[in-house]
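Chemist: Here's my sequence, what's the structure:
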Amino acid sequence: MYAWYITAMAWNCYAILLLEHRTAILQNYDAAMELLCYYRTAMVRPFGKKTFTVDVRKSIVRGHELGAHPKILATQFGCSSSQIYRIFKNNRDDDGVVYRHSPGRPRTTSRAMDRNILRACREHPRRTSTDIQVSVTSPNEPVPSRRTIRRRLQVAGLHGLVSLKNRKARFEWAKQHLSWGPREWANHIWSDELKFNLFGTDGIQCIRRPIGSRYAPQYQCPTVKHGGGSVMVWGCFSDTSMGSLKRIVGTMDRYVFEDILENTMRPWARANLGLSWVFQQDNDPKHTSGHAANWFRRRRVDLLEWPSQSPDLNPIEHMREELERRLKGVRASNANQKFAQLEAAWKSIPMTVVQTLLDSMPRRCQAVIDAKGYPTKY
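Modeler: Alright, predicted model coming up:
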């Protein structure tokens, strides 16, 4: 019990030895509790696995021998409980401690720099990566690149916000289309590119495991060299028909996009929707290039005005999840087989799914209005 309070008071690797003098220190119980509350909030570690020197590892082992709880040691030394347990497990040689160098290229920023980056962003959330780069520059460390700063913020869960211009555009678009129903959305073609991995997923994977067994082999997500490959496809649908699913081989540029429009989208649209239809696409550069604009002008295709940064307003974004659900547990040995599976699953999607997505458009618009243009749950 005594070790629990005093360990929380320790700041550096040698302070654990204060446990041996607990009688004198525990006389000031209020100060101990105040320090406990401070360190439990101030020492939360937002970035990566911490590398400990031999002296620090010795102090951790010493604290464990004196009765300090591993969770308190983890809070004190700014690491996870699993790392503390690993130090206990590897307790051998060199006075009970082995120091192992971490594999891979070392990080370009120190932990202090990582904290400064996070602090600069939290103090002024509207700062750009360039502004943060200027504010955290130190003569004792290399200047982190803007990309590095963005990566550190992403790891901490701080992602870029929708710009003021795009928030206004999203808000106005949602107001204009809030009252639209099935009649107004009829003959609209929704389109997008979708990527599917041959092995694993780019999304979040959840797993049920006992506490403390994160690194057990049976709870690890399997991987393959170079990611196993992927298949990129372009798809579209309307309120009455599922469009073709076109495989994209290599890099999709404006010329590939024009070929898809001319030889895939347009023939399907004319066969299923006649001559009167509206095409929707996001503001990807290859979609809005002059090359694509000339094609739309030559073919007299009406485009749906679309606000940037608005995947939550596009119902086709949910088709990725629909396809992954339908192919759950189905494996592909190569890209050709994967595309064949995707194409079959795409054709099997009933129009009731599409209708459900289109029926959600008023709710999507209302959600954007309620959020004042910020991202929504969709």
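Chemist: all contacts plus neighbour counts: C-alpha atoms, from now on.
Modeler: Will do.
Chemist: Can you give me the neighbour number for residue 79?
Modeler: By other C-alpha atoms under 10 Å, 22 other residues sit near residue 79.
Chemist: tell me the pLDDT at it?
Modeler: What the model reports for residue 79 is a pLDDT of 80.
Chemist: Count residues in the vicinity of the closest residue to residue 166 other than its chain neighbours, would you?
Modeler: Leaving aside its sequence neighbours, residue 166 sits nearest to residue 308 (C-alpha to C-alpha, 6 or more residues apart in numbering; 6.0 Å). By other C-alpha under 10 Å, 16 other residues sit near residue 308.
Chemist: show me what contacts residue 308?
Modeler: 166, 169-170, 282-283 (C-alpha atoms under 8 Å, 6 or more residues apart in numbering).
Chemist: Would you map the helices across the stretch 251-378 of the chain?
Modeler: Counting by DSSP state H, counting those that start in this stretch, the stretch 251-378 of the chain has helices at residues 254-260, 266-273, 285-288, 290-298, 319-326, 335-348, 351-359, 361-370.
Chemist: Which one, of those helices, ends up nearest to residue 107?
Modeler: Within the helices of the stretch 251-378 of the chain, the stretch nearest residue 107 is helix 285-288; the backing value is 32.8 Å (C-alpha to C-alpha).
Chemist: what's the domain layout of the protein?
Modeler: 2-96, 111-155, 165-370 (automatic domain parsing).
Chemist: nearest to residue 377, of the ones you listed?
Modeler: domain 165-370 (7.4 Å).
Chemist: most neighbours, which of the contacts of residue 308?
Modeler: residue 170 (26 neighbours).
Chemist: What's the separation between it and residue 68?
Modeler: Distance, residue 170 to residue 68, by C-alpha to C-alpha, to the nearest Å: 54 Å.
Chemist: Show me where the stretch 251-378 of the chain dips below the pLDDT cut-off.
Modeler: For the stretch 251-378 of the chain, no stretch is flagged by pLDDT under 70.
Chemist: quick revisit: which of the contacts of residue 308 lies closest to residue 215?
Modeler: residue 282 (40.6 Å).
Chemist: from memory the closest one sits against residue 192, does it?
Modeler: Yes - applying C-alpha atoms under 8 Å, one finds residue 282 in contact with residue 192, separated by 7.5 Å.
Chemist: and residue 247, helix, strand or coil?
Modeler: strand (DSSP: H, G, I helix; E, B strand; the rest coil).
Chemist: so where do the strands sit in the stretch 1-150 of the chain?
Modeler: Assigned by DSSP state E, counting those that start in this stretch, the stretch 1-150 of the chain shows no strands.
Chemist: Nearest to residue 145 among the helices of the stretch 251-378 of the chain would be which one?
Modeler: Residue 145 lies closest, by C-alpha to C-alpha, to one member of the helices of the stretch 251-378 of the chain: helix 285-288, at 24.8 Å.
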